[in-house]
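In: Give me the fold of what follows.
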Amino acid sequence: MRNQVQLITYVDRLGGGGLAELDALLAGPLDGVFGGVHLLPFFHPIDGADAGFDPIDHALVDPRLGDWRGVRSLADRVEVMADLIVNHVSADSPQFQDFSRRGADSPFAGLFLNLDRVFPGGATEAELLQIYRPRPGLPFTCVTLQNGERRILWTTFTGKQVDIDVTHPEGRAYLSGILKAFKAGGVGIIRLDAAGYAIKRRGTSCFMIPETYEFIAGLTREARALGIEVLVEIHSYYREQIEIARRVDRVYDFALPPLVLHALHQADAAPLKAWLAIAPRNCITVLDTHDGIGVIDVGADAATGRAGLLPPAAIDRLVETIHAKSSGQSRLATGAAASNLDLYQVNCTYYDALGRDDLAYLAARALQFFAPGVPQVYYVGLLAGTNDLDLLARTQVGRDINRHHYTPEEINAALARPVVKDLIELVRLRNRHPAFQGELRVLPTADHVIGLEWSHAGECSRLVVDLGAGLAVELMFTEDGVEQSFDFAAHCRQTTPA
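Out: Numbering: from 1, shown residues only. You can find the predicted model right below:
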């Protein structure tokens with residue numbers, strides 16, 4: 001993976017077109033801005049029960065977006081990442097429909113995980129309560145198949161997303177087939193979506209157990225043999241994340257978004273500095289994604305009670321501050337207020353989580369770009385987007401508040417805004433400056449100040465953010481030994497009205 005900023009986007013929500021239109025955007029106004037693009041699910045269909053994360057055909061590009069030729073065309077311009085959804089498949093998939101019609105006689109009967117396969121003879125109350133859950137309730141759905149059989153299926157996320165038995169030959173063949181389609185389509189990096197839930201074993205939490213690591217390692221070896229790099233997407237306790245990072249190509253730094261918000265909201269950089277000193281170096285950094293702003297990644301270990309990166313009171317204050325900064329909009333989209341009840345996320349655009357304060361937003365992006373790892377910028381975040389309350393009202397899906405459908409006209413207007421222009425300049429600086437190929441040093445500073453310095457081959461780049469009264473940001477870099485600076489002064493507390 002190139003050490004350059006990546007874009008993460010839905011194909012159809014950035015310009016309202018397909019792969020050809022996205023390619024034209026990256027060749028036009030965004031030419032040379034991104035080293036790679038993570039295409040959120042573009043498989044058939046993109047508008048299922050979970051915005052493409054419930055594929056009917058994981059190896060087919062949704063025809064409304066184009067075809068594999070369009071993906072390969074993008075791959076000629078930038079590195080392309082795609083999601084390998086390892087945990088589940090749509091209940092509308094041809095494999096499940098065949099199983100529903102024929103039951104045990106279906107060649108796909110082994111593909112789908114049911115209760116008996118993990119708990120033959122039944123499960124005890126204690127065993128069921130031991131299962132780790134990202135959402136309320138148990139991970140099962142009772143269904144009546146078309147042949148009249150009643151079955152209890154594993155459905156970790158929704159009743160329309162049926163879990164795969166990745167240990168069965170049919171499960172392994174299913175995933176191998178997708179890998180081969182990705183390779184042929186020009187995909188060079190895959191993100192293993194929901195990999196932490198893929199292995200279920202009686203008497204365990206069924207989340208990130210030893211067999212899960214073995215599964216991820218095996219799938220990674222298979223992908224590498226095809227020349228495909230692997231990113232693992234897991235929300236977990238921070239010490240577990242450090243351990244996971246030792247075993248895989250890449251992990252996400254999901255602790256960074258809440259720690260940056262805490263620093264900017266509370267003028268307290270100490271937790272962020274402590275994390276950056278130990279954070280994995282082989283990570284992908286984000287501030288926002290198609291999901292919400294996670295808090296579990298900075299919280300205590302649910303299993304052992306070990307302290308997190310932020311204490312419970314600070315996490316509660318963080319969540320309430322996001323609600324206040326967004327004028328209560330995030331509260332409408334989070335928890336019991338909307339469906340997709342992810343217990344560990346606040347649904348809000350990052351720009352709104354900072355009260356639409358341009359200087360604070362640029363400071364947050366600068367901190368992301370100076371953190372160890374390869375940065376990804378979500379398409380809404382690229383355009384400093386605000387909460388989409390209309391889409392939330394139509395769908396009643398909390399995460400849709402941060403999944404706006406941008407028209408070409410909206411993109412052009414956003415690209416003309418000073419905050420977006422400066423963000424793109426920050427991206428270009430992060431991509432081109434040689435210091436970011438070297439080593440990071442967290443500078444010794446007071447708790448209300450954070451200083452980060454990269455150096456390599458005689459060049460350096462230094463960021464100092466003073467969180468005290470009146471946010472002050474200084475970014476210095478050298479070019480051929482001559483010191484220069486990035487001008488944040490033009491954004492003296494400029495805000496966009498709510």
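In: what's the spacing between the most centrally placed residue in the chain and His235?
Out: Residue closest to the average C-alpha location in the chain (CA atoms, centre = their mean): Thr289, at 4.8 Å. Distance, Thr289 to His235, using CB to CB, to the nearest Å: 11 Å. (C-beta placed from N, C-alpha, C; glycine too.)
In: Leaving aside the residues adjacent along the chain, what's closest to the residue nearest to the centre of the chain?
Out: Tyr378 (5.5 Å; CB to CB, 6 or more residues apart in numbering).
In: Now do the residue nearest to the centre of the chain, the pLDDT please.
Out: Thr289 is assigned 94 on the pLDDT scale.
In: next one: Val248
Out: 84.
In: quick check: domain ranges of this protein?
Out: Following automatic domain parsing, one gets these domains for the chain: 6-87+169-437, 94-163, 440-491.
In: Give me whichever of these is most buried.
Out: Mean neighbour count (mean count of other CB atoms under 10 Å) peaks for domain 6-87+169-437 among these, with a mean of 20.
In: how long is that domain end to end?
Out: Taking CA to CA, to the nearest Å as the measure, domain 6-87+169-437 stretches 16 Å from start to finish.
In: ok, back up a step: test my guess that the residue nearest to Thr289 contacts Thr9.
Out: Yes. Counting by CB atoms under 8 Å, Thr9 is a contact partner of Tyr378 at 7.3 Å.
In: Can you name the helix or strand that His265 falls in?
Out: Using DSSP states H and E, His265 sits in helix 256-266.
In: Show me what that helix is packed up against.
Out: If you count contacts as 3 or more CB pairs under 8 Å, 6 or more residues apart in numbering; DSSP states H and E, helix 256-266 packs onto helix 270-278, strand 293-294, helix 312-325, helix 358-370.
In: Report the inter-axis angle for it versus helix 358-370.
Out: Between helix 256-266 and helix 358-370, the angle comes out at 140 degrees (axes from the mean of the first three to the mean of the last three CA atoms, to 10 degrees).
In: so who does Gly140 touch?
Out: Small correction: residue 140 is Phe, not Gly. Contacts here follow CB atoms under 8 Å, 6 or more residues apart in numbering; on that basis Phe140 touches 115, 152-155.
In: same thing with Leu14?
Out: 22, 25, 379, 406, 411.
In: Please apply the same query to Leu128.
Out: By CB under 8 Å, 6+ apart, the residues touching Leu128 are Leu138.
In: swap the cut-off to 10 Å and go again
Out: 115, 119, 138-140 (CB atoms under 10 Å, 6 or more residues apart in numbering).
In: Which members of those are positioned in strands?
Out: Counting by DSSP state E, the members of the contacts of Leu128 that fall within strands are Phe140.
In: Would you map the helices across the stretch 101-250 of the chain?
Out: Taking DSSP state H, counting those that start in this stretch, the helices of the stretch 101-250 of the chain run over residues 115-118, 125-130, 169-184, 210-225, 238-245.
In: wait, which of those helices is closest to Leu84?
Out: helix 169-184 (6.0 Å; CB to CB).
In: From the contact counts, what lies against the closest one?
Out: strand 57-61, helix 68-77, strand 79-85, helix 94-102, strand 189-193, helix 210-225 (3 or more CB pairs under 10 Å, 6 or more residues apart in numbering; DSSP states H and E).
In: Pull the contacting residues for the closest residue to Asn347 other than its chain neighbours.
Out: Spatially, and ignoring its direct neighbours in sequence, Asn347 is nearest to Ala333 (3.8 Å; CB to CB, 6+ apart). Applying CB under 10 Å, 6+ apart to Ala333 gives the contacts 292, 326, 340, 345-348, 387-389, 392, 396-402.
In: repeat that with 8 Å
Out: 347-348, 387, 392, 398-401.
In: Could you let me know which of those ends up closest to Arg191?
Out: Proximity of the contacts of Ala333 to Arg191 (CB to CB) peaks at Arg399, which lies at 16.9 Å.
In: Would you confirm that that closest one belongs to a helix?
Out: Yes. Under DSSP: H, G, I helix; E, B strand; the rest coil, Arg399 sits within a helix.
In: Could you export the helices of the stretch 101-250 of the chain as TSV, including mean pLDDT and distance to Ser455?
Out: Below are the helices of the stretch 101-250 of the chain laid out as TSV (pLDDT from 0 to 100; distance: least, CB to CB, whole Å):
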stretch	mean pLDDT	distance to Ser455
helix 115-118	96	51
helix 125-130	95	48
helix 169-184	97	37
helix 210-225	94	31
helix 238-245	89	23
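In: now those as TSV including distance to Val319?
Out: Shown next, in TSV, are the helices of the stretch 101-250 of the chain (distance: least, CB to CB, whole Å):
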stretch	distance to Val319
helix 115-118	34
helix 125-130	26
helix 169-184	36
helix 210-225	29
helix 238-245	18
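In: can you tell which of these is closest to Met81?
Out: helix 169-184 (9.9 Å).
In: contacting residues around the closest one?
Out: 58-59, 68, 82, 84, 86, 89, 95, 107-111, 164-166, 190, 219, 222-223, 226-228.
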